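A.B. asks: pasting a predicted model and its sequence here:
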Amino acid sequence: MNLNEQLAGDVIIDDLDAAEQATSTAGRTGARQLPQMMRRIPVTLTLEVGSARVSLQELMEIQPSSVLPLDSLAGEPLVIKVNGTPIGRAEVVVAGEQYGLKVIDLDGLNLDMLAP
């Protein structure tokens with residue numbers, strides 16, 4: 001085993017120790033703690049209003065004044081997604097001069113499901 005392999009093994013062991021500590025801490029505090037090296041990993045958070053399935057012909061006929069019905073009801077909570085994976089529901093709010101989201105519920109944020 002060369003020095004690089006040994007150092008890589010040490011990093012993996014350190015990461016596992018940190019992950020085990022985070023898991024045991026999460027049980028006590030109710031919030032999941034991430035290892036330090038994972039806290040800055042960027043993810044994409046989206047709020048999905050709805051979707052519409054259209055044929056290519058219908059798509060070609062869309063114009064600036066077209067209105068397409070979506071598969072969600074007005075006033076219904078919207079789906080929060082992280083990297084395309086649903087994690088909960090929210091409603092749209094105004095936050096200053098921007099839109100924001102108010103979380104209604106989370107379906108158990110599972111980091112293993114968020115990998116692209």
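C.D. replies: The structure has been received and is ready for your questions.
A.B. asks: all strands of this protein, in order?
C.D. replies: In the chain, strands defined by DSSP state E lie at 45-48, 78-82, 85-95, 98-106, listed in chain order.
A.B. asks: and Met38, which of those strands is closest to it?
C.D. replies: With Cβ to Cβ as the criterion, Met38 lies closest to strand 78-82 of the strands of the chain, at 13.8 Å. For every residue, glycine as well, the C-beta is placed using N, CA and C.
A.B. asks: quickly compare the strands of the chain and say which is most buried.
C.D. replies: Mean neighbour counts were compared across these using mean count of other Cβ atoms under 10 Å; the top stretch is strand 78-82, at a mean of 18.
A.B. asks: show residues contacting that one.
C.D. replies: With Cβ atoms under 8 Å, 6 or more residues apart in numbering as the test, strand 78-82 has contacts from 43-50, 72, 86-92, 101, 103, 106, 109, 114.
A.B. asks: okay, now the unreliable bits of this protein?
C.D. replies: Along the chain, the parts satisfying pLDDT under 70 run over 1-32, 108, 110-116.
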